[in-house]
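>>> starting from these lines, generate the structure:
(3 chains)
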Amino acid sequence: MSDSQSERFAEVAVFSALDKTLHYVVPSHLCERLQIGIRVLVPLGRREATGLIVALHERRPDASAGIALRPIRAVLDSSPIVPEDLICLCKWMASYYFYPLGEVLQTALPSGTGSSPQTLFALTSTGKEKCTAEKDSTLLGLLAERDATSLEEITRALPSEKNIRHKLKVLEEKSLIERIFRWQNPQPGPKKIKSLQLLAPPESEQMERSVPLRLLVQLLDDAGGTLPLRVLRQTVPNLDYWVRKLQKQGAVQVLETVEFREFQCAQSLPPSPAPTLTPHQKKVFEAILPHIEQSSFQPFLLFGVTGSGKTEIYLQLVEKTVAAGKGALILVPEIALSTQMEAFFRQRFGSRLAIWHSGLPAGARYDQWSEILSGKRDVVLGVRSAIFMPIPRLGLIIVDEEHDASYKQDDRLRYHARDAALMRASMLGIPILLGSATPSLQSIHHSQNNRYTTLTLPGRIFDRPLPDLQVVDMRREMRGNRILSKPLREALEETKQNGRQALLFLNRRGFATFYLCNSCGYVPQCTACSVSLTYHQKADRLRCHYCGWEQTVPEACPQCGNTILTPHGFGTERVEEEVRKLLPSARIVRIDRDTVNHPLDMVRSLDAVRQRQADVLIGTQMIAKGHDFPNITLVGIINGDTALQIADFRAGETMVQLLMQVAGRAGRGEEPGRVILQTYNPTHYTIESVVRMDYSSFCARELESREKLQYPPFTRFLKLLVTASDETTTRLAAMELGVLCREVALELRDKDCHVAVLGPAPAPLAKLKSRYRWHLFIKAWTNREMQLFTETVLNRGKNHPALRRVQLSVDRDPMMSV
DNA sequence: AGCACGCCGACT
DNA sequence: GTCGGCGTGCTC
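So this is what the prediction gives:
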């Protein structure tokens, strides 16, 4: 074997679904340029792949014993694009969420940065000669016409041709064709623009003669000597002529400069000094500050109702963090919430602020990321995936509205950004602040166990009163309107008369929930998903809310032929119609997934409401989050119990959090607010807790019941989801997985590892986007047990033929557990 | 995930 | 006999 003593080795996480890292030999000419965290091009079988260096070794790693290591082909970055601390976090995520490290790292990079080159086939010089000599096979003919062609393109161009792969291999062996590797889509990168720089003043004679030249010089002078050609072209006639002429004289120079793609959602606020903290705020601030200064890991749970002044504490803590030369990360649930936050942070931190959310175009996203990496922007405000931002010297993490479900990613890498943030903070040894008016029971539990330091902001700022909350028992409203009860109708009229705004909340969009055949009870269902279709009046069509399928309302029942199908239930669209009937002159804004396609649509709608361009705002969950509408004095909760029907142990928690948030919308201005809660279960303890606005007693009761039933946070859950396009395959695989799980559970009892296996059963959405779904739940008492059990099951599952035919996904700490 | 290998049935 | 299908296993 190799006797070279100076040989070095690199451990690479390839950006593909490989569940382990691979080792490569570092060629001596690349040795200098290799560092942990840079991307490399490596050979992988017959392909070329991109990966990230996660470790460098002086000696041959034991893990690679008996394998002929291949050399790294090329280095793609001049400096690390993933800092070591972030690699550590990704490693933890890969192992905790059972996901390949390479793919975790890909999620941590702006799209395209983690892509691999495509394999293309092209004629060699001998191949070209052969091709002109004799018009050979269609395959060679095709390759002669095109330059380099991918396998997919060839298959598309020659559908009748069979076994293309094999034929290509034969041609390659004869050296007629070769493989070349190329990135298909342009890699994201900085936006480069051409600018003109003034080096010396042009000859005065020339200046006197030409007006455009004088204008050009004037503009450049005013701008400090350099301006983009794009800008100059707008005002200077004949610009290109003058540029060429002055270039020849050596008076100007055309530079290629990088332009930062700014992307601002929020309105700009005029700069203003930081307000003095109230005594309560100050107490919270002072509890956290030493941990920022000394860099020590400590989770804080900040318990404060909406309007209690959490944001100002965040701002001042971040100010202290950056003043100490460290970076700060602030996570927020979603874009619309971030816009108000963005306005405040922009006002305070200006161009030191980077924002990160799904509404960002790819170019702006790349620029934000690269300026974060370079340390130019050290305050990062973003949604879930901002947990992956490469912030140098990170010194503080804040997770606002930490209970929010949008922190959990629901596909692929199913991570929880709050939990990942806690891990990142603990790895770095820095404080983390979790803020919420209604913390998750998990966090409440930790704070009771003193794992988190609890801080409280009592009351609302300026001592605004809590809104007056009235429960309407909808069982007694049967004779009247089942959508808008009498008290709500009256309150709406009054609010409109007073020139105030109202918010109506319900968690169902569309007009009617479903259509029902009056004679046989048939309900039109989506063929790809096992849900009933929702009627949308504006489009006069039935829609699937899961896959987007649309169809017309059937004229006759396909089951019994009856022609009478009637709509049942109601959604936001129907509420809008009811309000229009009641208040014909009201300006109504509806916010749900039908009116909001792009994240920015919502920002625009919410701004319209804030600027009083609407009287009534109707919406789904999307509007429940902490938006600040000072002029809203009435909040109507149309259906305050739908969440209870969901068979999830967290349904009560989610509902109380949501209702309390919505109720908190009322009366954030000077006026006191009013909340009307319509429900069919006025005596349910979740409703009673909301009425009393008493979150702590709800938590106490809920925790007690969770402990009795051994549910999280007292235990850990994990969901195994089996999906396939064939129903039987899915069911059989799920059954086999169930047997395997029980086998493993029994075996591991000897190793002091106890888990409970629940299921398998068809998932609540038994079919989604034409794929059948079965799931299993694992309950464990510790993380260690869960880790050992799941690793064992997944390892053994690899050699089960039935499981290889399906897709198996793992969801650790799932949000929806039935 | 790709991609190759290898084992089987169906066609020249 | 090969061609072409898909199941199985590996990629440093």
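
>>> and residue A:63, which of the three is it?
What DSSP: H, G, I helix; E, B strand; the rest coil gives for residue A:63 is helix.

>>> so what's it up against?
residue A:23 (Cβ atoms under 8 Å, 6 or more residues apart in numbering). C-betas here are computed from N, CA, C, even on glycine.

>>> excluding its backbone neighbours, what's nearest the closest residue to DNA strand B within the stretch 701-818 of chain A?
When scored by Cβ to the nearest atom of the strand, the stretch 701-818 of chain A has residue A:807 as its residue closest to DNA strand B, at 7.2 Å. Nearest non-adjacent residue to residue A:807, counting by Cβ to Cβ, 6 or more residues apart in numbering: residue A:723, 5.0 Å away.

>>> ok, residue A:351 - how many residues close by?
By other Cβ atoms under 10 Å, the residues close to residue A:351 number 11.

>>> so which helix or strand takes in the closest residue to it other than its chain neighbours?
Spatial nearest neighbour of residue A:351, excluding adjacent residues (Cβ to Cβ, 6+ apart): residue A:377 at 7.2 Å. Under DSSP states H and E, no helix or strand contains residue A:377.

>>> ok, residue A:377 - how many residues close by?
By the measure other Cβ under 10 Å, the count of residues near residue A:377 is 24.

>>> so what's it up against?
Counting by Cβ under 8 Å, 6+ apart, residue A:377 has contacts A:351, A:352, A:353, A:354, A:368, A:371.

>>> switch to 10 Å and redo it
A:260, A:327, A:349-355, A:367-371, A:389, A:391 (Cβ atoms under 10 Å, 6 or more residues apart in numbering).

>>> so which of those residues is the closest to DNA strand C?
The closest of the contacts of residue A:377 to DNA strand C turns out to be residue A:369 (Cβ to the nearest atom of the strand; 28.6 Å).

>>> ok, which stretches of the stretch 701-818 of chain A are strands?
A:716-724, A:755-768, A:771-780, A:807-812 (DSSP state E, counting those that start in this stretch).

>>> how about stretch A:674-689: buried residues?
A:674-679, A:681-682, A:684, A:686-689 (16 or more other Cβ atoms under 10 Å).

>>> format the residues you listed as TSV; extra columns: secondary structure, pLDDT and distance to DNA strand C.
Output for the buried residues of stretch A:674-689, formatted as TSV (DSSP: H, G, I helix; E, B strand; the rest coil; pLDDT from 0 to 100; distance: Cβ to the nearest atom of the strand, whole Å):
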residue	secondary structure	pLDDT	distance to DNA strand C
A:674	strand	88	61
A:675	strand	88	56
A:676	strand	92	58
A:677	strand	90	55
A:678	strand	91	54
A:679	strand	87	52
A:681	coil	82	51
A:682	coil	86	57
A:684	coil	84	51
A:686	helix	85	48
A:687	helix	86	53
A:688	helix	87	55
A:689	helix	87	51
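
>>> who in chain A is up against DNA strand C?
A:18, A:20, A:22-25, A:42-45, A:63-64, A:67-70, A:162-163, A:166, A:799, A:801, A:804 (Cβ under 7 Å from any atom of the strand).

>>> ok, 6 Å please
Neighbours of DNA strand C within chain A, by Cβ under 6 Å from any atom of the strand: A:18, A:22-24, A:43-45, A:64, A:67, A:69-70, A:162-163, A:801, A:804.

>>> which of those count as buried?
Among the residues of chain A next to DNA strand C, those buried by neighbour count (16+ other Cβ under 10 Å) are A:18, A:22, A:23, A:24, A:44, A:64, A:69.

>>> quick one on the thing from earlier: what pLDDT does the residue nearest to residue A:351 get?
pLDDT recorded at residue A:377 is 98.

>>> what about it, distance to DNA strand C?
37 Å (Cβ to the nearest atom of the strand, to the nearest Å).

>>> ok, now residue A:748?
24 Å.

>>> once you drop chain neighbours, what's closest to that residue?
Nearest to residue A:748 is residue A:789, by Cβ to Cβ, 6+ apart, at 6.0 Å.

>>> tell me the pLDDT of that neighbour.
Confidence for residue A:789, expressed as pLDDT, is 97.

>>> so which residues make contact with the helix or strand hosting residue A:121?
Following DSSP H and E, one finds residue A:121 within strand A:118-123. Residues outside strand A:118-123 that contact it (Cβ under 10 Å, 6+ apart): A:46-48, A:128-131, A:139-140, A:142-144, A:146-154, A:164, A:168, A:171-172, A:176-185.

>>> which among the residues you listed end up buried?
Listed as buried from the contacts of strand A:118-123 are A:48, A:130-131, A:139-140, A:142-144, A:148-149, A:154, A:168, A:171-172, A:176-178, A:181; burial here means 16+ other Cβ under 10 Å.

>>> identify those among these that sit within helices.
The helices, defined by DSSP state H, take in A:130, A:131, A:139, A:140, A:142, A:143, A:144, A:154, A:168, A:171, A:172 from the buried ones among the contacts of strand A:118-123.
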